[in-house]
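Q: what's the 3D shape of this:
(4 chains)
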Number of protein chains: 2
Amino acid sequence: MEPPARRRRVTIIDVARHAQVSTTAVSKVLRNAYGASPQMRAKVRRAMDELGYRPHAGARGLRGQTYTIGVMLPDIRNPFFPDVLDGITAALGDTEYQVLLGPGCNGEKEEARVTEAMLDRGMDGLILVAPVSPRAHLEQVASSVPTVVVGRHGSSPVYDTVVDDDVEGASLVVGHLAGLGHRRIAHIEHHETDPTRLVEMPNARRADGYRQAMRALGLGEWIDVVSTNYTQEGGYRGAQELLARPRVPTAVFAGADIVAMGVLEAMSEAGLAVPGDISVAGYDNTTFAALGPISLTSVDQAGHKIGGNAARLLLKRLSDRQKPTDQVLLSPTLMPRRTTNRPPE
Amino acid sequence: MEPPARRRRVTIIDVARHAQVSTTAVSKVLRNAYGASPQMRAKVRRAMDELGYRPHAGARGLRGQTYTIGVMLPDIRNPFFPDVLDGITAALGDTEYQVLLGPGCNGEKEEARVTEAMLDRGMDGLILVAPVSPRAHLEQVASSVPTVVVGRHGSSPVYDTVVDDDVEGASLVVGHLAGLGHRRIAHIEHHETDPTRLVEMPNARRADGYRQAMRALGLGEWIDVVSTNYTQEGGYRGAQELLARPRVPTAVFAGADIVAMGVLEAMSEAGLAVPGDISVAGYDNTTFAALGPISLTSVDQAGHKIGGNAARLLLKRLSDRQKPTDQVLLSPTLMPRRTTNRPPE
DNA sequence: GGCCCGATGAGTAACGTTGCCCATCGGGTC
DNA sequence: GACCCGATGGGCAACGTTACTCATCGGGCC
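A: Coordinates of the predicted model:
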């Protein structure tokens, strides 16, 4: 069967003709602009409904706004990010803005491609979640469109930021483990060399927070950090390295839940019981951390709240582009579960 | 600090002026259209590079294409969908099309909102993954823009489809369990009443496939289906119902991995060992099914291949809108893991 | 009664790009 | 030498919307 002929879109002109007014009048009603009487509004709205009119975002964009907000998520698979997204869409739910997402992207090149695509499509604002791009690129993007950056520490004069306190999160984990009686607490971090990122990226701050907390609790001499990366594989390798130590740690603080999964696998292979022989904690409180068979102690970042704040900041900036930038810092909470317990005697 | 003044976008006119040619010429080069000499092309391309020109998608859309493809995913949290997305972006990687996603949406109203937003933004084509909207709505969308529907059985004259053989998948699971010696194999399905969806939705086909396979293996008398829904909670309730049977099944085939997670939880609460006392299988082969501590037997749908096929069909339709619609049916494979084994003596 | 003013509505030129159409030019054919 | 033809380049009117400017009208004020 052959597809039926595509019918032309209903435009503002059709509405104007149908309501017997000018296109200007229709536009005014559409934008709730000044200069239209109540009767006019009613008449135009009725015409819109009758014709099933919907404005064409592309055409609007040519003259001003597209009423579209672009969200860039680094990794759609990490269950933490959907929480952020939900927070964003919830906060934007009763505005006239529509959210569109970039496809999952990892690496600077991909990120640049996605942000450019969004700019080219006339997005009114951008929310960049946990970007890895260098700061210069972020500022360049932000200087051409209102932007909120989520999950990068440090402030910028051109973009607003929302971030969770990773130092505090790490401290919660270390405190929890120390409170259970652990002293040999090791940490698996994501390897980072770039000096800016060393300051701005959450993973680096978690490692910092771990060191600070250990020292604050008088456990400075037990500080033990393995540098791999935030993947299951990285956790597996990190755990193997730790198990080869002369004095094996009694607790492992993995910098991310997915890392903890690799750790659990290595422990199971090595015949070690968790938490009987060794305790394991993650970070992010991802969906699978809560799953019964896993039940991983983790740190919750309140992704929903983060997303909500990001959306709110963006809306504020959209309405006043001159306002000074804001930095929102949220506090994490600990979710103790069954992978942490007292150390073996 | 106050943000620096936003500088104007580089347009085709700037490029034309810089290259000392007409805007028409620039447009021709941009589109690889006929009527531009090699020297002209070179000159214009150089000007584009020097000015850092990028075409404005909205303006292009007003005259034709936006080079944007919209993808609608029902639930970003279900780790099966990112696989599909990867397949799509991979297949579209070296085309001039850019993918944008709708925010996760559940329910007909949300889906309608997202598809409308995409149409209003002049998307050139749509890929709708596992939509729940009634067929009439899908056909209406498809009749105004080239569309591929993923994960809905049945064919339409206006949209192409890509779907995995859910009947075969169910049969793989039942065959696997029967091969291990199980006879009392129960199934937890997603409750469905709408008659169209009963035919088109994958969940309904899995339940059908289960029944067919049981009968084919001479186990018709053991057919036992619990109707809840595809959530962890649904799996939990379904399992409790099954455990209350006079003769408890020795194996449970959950219609989705997330359902299986609920089942595992219920088993663990009831003090039953998996797979010692009871075997459990899921569907979708989601990321967490492979995680060490879970190791769930599941059915892999080759999401990557599904996405790739969807993208390819869409490209074909974009280049020939009159061609008859295609239906692609892919085959699932079984991933046996540690939650299934022989039944207890 | 003339004047100004606010309220209401319409006209119109952009915004950046495309695709049709026309102008020009050099060279080959009869 | 007149004619035609293909190759190359430019002009221009859309596409759907917005935001300016301008016209009109009725009423209140001196």
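Q: report pLDDT for the residue of the stretch 51-200 of chain A found nearest chain B.
A: Distances between the stretch 51-200 of chain A and chain B by C-beta to the nearest C-beta are smallest at A:Pro157, namely 3.5 Å. C-beta coordinates here come from the backbone N, C-alpha and C atoms, glycine included. pLDDT, A:Pro157: 94.
Q: and if you look at A:Gly154?
A: 88.
Q: next, count neighbours for the closest residue to it other than its chain neighbours.
A: With sequence-adjacent residues excluded and distances taken as C-beta to C-beta, 6 or more residues apart in numbering or on different chains, A:Gly154 is closest to A:Glu200, at 4.7 Å. The tally of other residues near A:Glu200 (other C-beta atoms under 10 Å in any protein chain shown) stands at 23.
Q: got the phi/psi numbers for A:Glu200?
A: phi -100, psi -30 (degrees, to the nearest 10).
Q: list of residues touching the helix or strand containing A:Arg205?
A: In the assignment (DSSP states H and E), A:Arg205 maps to helix A:202-216. The contact list for helix A:202-216 (C-beta atoms under 8 Å, 6 or more residues apart in numbering or on different chains) reads A:130, A:151-153, A:163-164, A:166-171, A:173-175, A:185, A:187, A:189-190, A:192, A:197-198, A:220, A:222-223, A:225, A:230, A:253, A:255-256, A:283.
Q: low-confidence ranges, chain A, go.
A: Applying pLDDT under 70 to chain A flags residues A:1-7.
Q: which residues in the stretch 201-345 of chain A form strands?
A: A:224-228, A:251-254, A:279-281, A:298-300, A:327-330, A:333-335 (DSSP state E, counting those that start in this stretch).
Q: most packed of those strands?
A: strand A:251-254 (a mean of 32; mean count of other C-beta atoms under 10 Å in any protein chain shown).
Q: minimum distance to DNA strand D, which residue of the stretch 101-250 of chain A gives it?
A: A:Gly122 (11.2 Å; C-beta to the nearest atom of the strand).
Q: so what's A:Glu108 up against?
A: Taking C-beta under 8 Å, 6+ apart as the test, what A:Glu108 contacts is A:132-134, A:137.
Q: adding distance to DNA strand D and neighbour count, write those out as JSON lines.
A: Formatted as JSON lines, these follow (distance: C-beta to the nearest atom of the strand, whole Å; neighbours: other C-beta atoms under 10 Å in any protein chain shown):
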{"residue": "A:Val132", "distance to DNA strand D": "35", "neighbour count": "16"}
{"residue": "A:Ser133", "distance to DNA strand D": "31", "neighbour count": "22"}
{"residue": "A:Pro134", "distance to DNA strand D": "34", "neighbour count": "15"}
{"residue": "A:His137", "distance to DNA strand D": "29", "neighbour count": "15"}
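Q: which members of the residues you listed occur in helices, if any?
A: A:His137 (DSSP state H).
Q: hey, what's the residue positioned nearest the centre of chain A bridged with?
A: When C-alpha atoms, centre = their mean is applied to chain A, the residue found nearest the centroid is A:Val129 (3.9 Å). Bridge pairing for A:Val129 (DSSP bridges) gives the partners A:Val150.
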